[in-house]
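Student: Structure of the sequence below:
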Amino acid sequence: MQYVAGDTPVTCPCCKHDQFDKDYRQLNSRGATFFGLDWANKEAAILICQNCSYIMWFMKSPKSQ
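Tutor: Sure thing, here's the model as predicted:
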């Protein structure tokens, strides 16, 4: 699927491909982990290039086109 970040179409910086799989990953912090509060950490969106598997991280989730 193709995505835009802000108003800019997303392309892979390695291979220039424009098709990605989208997923989410938790951003762990030492403090929250120490107190057993990993569930309270922020989450980031990731786009994985379908051609070369390069992973890009986004704090604001890119929108599909």
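Student: contacts and neighbour counts: CA atoms only from here.
Tutor: Noted.
Student: Which helix or strand contains Cys52?
Tutor: Assigned by DSSP states H and E, Cys52 belongs to no helix or strand.
Student: Now it, what are its backbone angles?
Tutor: Per-residue torsions, Cys52: phi -120, psi 0 (degrees, to the nearest 10).
Student: now the helices for this protein?
Tutor: With helices called from DSSP state H, the chain shows them at 30-34.
Student: What residues are bridge-paired with the spatially most central residue of it?
Tutor: Central residue of the chain (C-alpha atoms, centre = their mean): Ile46, 1.5 Å from the mean position. Beta-bridge partners recorded for Ile46 (DSSP bridges): Asp23, Trp57.
Student: Surely it touches Trp57?
Tutor: Yes. With contact defined as C-alpha atoms under 8 Å, Ile46 counts as touching Trp57 (4.6 Å).
Student: Quick check: chain neighbours aside, which residue is closest to Cys15?
Tutor: In this structure, Cys15 finds its nearest non-sequential neighbour in Cys52, 6.9 Å apart by C-alpha to C-alpha, 6 or more residues apart in numbering.
Student: just checking, that neighbour touches Asp18?
Tutor: No. If you go by C-alpha under 8 Å, Cys52 and Asp18 don't touch, sitting 10.9 Å apart.
Student: Between these two, tell me which one has more neighbours.
Tutor: It is Asp18, of Cys52 and Asp18, that has more neighbours when counted by other C-alpha atoms under 10 Å, with 17 against 12.
Student: what's near enough to touch the more buried one?
Tutor: Neighbouring residues of Asp18 by C-alpha atoms under 8 Å, 6 or more residues apart in numbering: 1-3, 10-12, 49.
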